[in-house]
Structure formats: C-alpha cells, structure tokens
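Trainee: Got a predicted structure plus its sequence, pasted below:
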Amino acid sequence: DVVVGLHGSGQANVIFCREGTGIIDINLPEPHSQYTAHTAYALGLEYALVLLQGTALHQRLHISVPVPEVVAALRWLLAQRCLPEERE
C-alpha cells in the first residue's frame, strides 16, 4: 500500500496504515511542516518526502506539484519492497 498526500490535516489518517505502508508526503519547504515524517517513522511506515517549490504556499489558491519527483518517490518506495534477488 502507498498513500500519496499533500501536507495538511488529512495526512493524520496515516495512523491507520499497516506497518510498512509507503507514505509520499508532498510538503512545504518549511521546517515546521515535518509532522507526517515523525508520525511515519514512529509507526514503522516507509516515508518519502517531495518538497513543493516556492514561498508563502499556505496562502496560494493554486500550487504546482512536481509530478516527476512524486513518480520517483513512488518508484523508490516500491523498490524498498523488492527482495535483493528480485532487483537483479
């Protein structure tokens, strides 16, 4: 299982994930916005961070998500699940 989500209160639902679930956190480039990372590590979830670009993102009506980075994070999370002999 993999959960992909934008930073915010909806990410609190990761507490219901099974151990080992992958989390892709599309997050703000600000130090105070690392709550999902702390939760993921505490619950034994696989965590990948994708940072949004820009400033004052809390106030914007529209943001751009770096899709190639989200895809790379998904590939990385899926690769974490492969056994060493499956990677070859």
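Mentor: All right, it came through fine.
Trainee: residue ranges for the strands of the chain, please.
Mentor: Along the chain, the segments classed as strands by DSSP state E run 2-6, 22-27, 46-51.
Trainee: Serialize those strands to TSV and add fields for distance to L78.
Mentor: Where C-beta positions appear, they are placed from N, C-alpha and C, glycine not excepted. Listed next are the strands of the chain as TSV, based on distance: least, Cβ to Cβ, whole Å:
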stretch	distance to L78
strand 2-6	8
strand 22-27	8
strand 46-51	10
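Trainee: ranking these by burial, who's on top?
Mentor: strand 22-27 (a mean of 23; mean count of other Cβ atoms under 10 Å).
Trainee: Give me the helices and strands touching that strand, please.
Mentor: strand 2-6, helix 35-43, strand 46-51, helix 67-80 (3 or more Cβ pairs under 8 Å, 6 or more residues apart in numbering; DSSP states H and E).
Trainee: Looking at the ones you listed, which is nearest to G20?
Mentor: Using Cβ to Cβ as the measure, strand 46-51 is the one of the helices and strands packed on strand 22-27 that comes nearest G20, at 6.5 Å.
Trainee: So for the closest one, mean pLDDT?
Mentor: Strand 46-51 comes out with an average pLDDT of 94.
Trainee: who does that strand pair up with?
Mentor: strand 22-27 (parallel) (DSSP bridges).
Trainee: circling back: among the helices and strands packed on strand 22-27, which comes closest to E19?
Mentor: Nearest of the helices and strands packed on strand 22-27 (Cβ to Cβ): helix 35-43, 6.7 Å.
Trainee: In the closest one, which residues are buried?
Mentor: For helix 35-43, the buried set under the neighbour-count rule, 16 or more other Cβ atoms under 10 Å, comprises 36-37, 39-40, 43.
Trainee: got the angle between that helix and strand 46-51?
Mentor: Angle between the axes of helix 35-43 and strand 46-51 is 170 degrees (criterion: axes from the mean of the first three to the mean of the last three Cα atoms, to 10 degrees).
Trainee: gap between helix 35-43 and the chain center?
Mentor: Remark: helix 35-43 is offset 10 Å from the chain centroid, using Cα atoms, centre = their mean, to the nearest Å.
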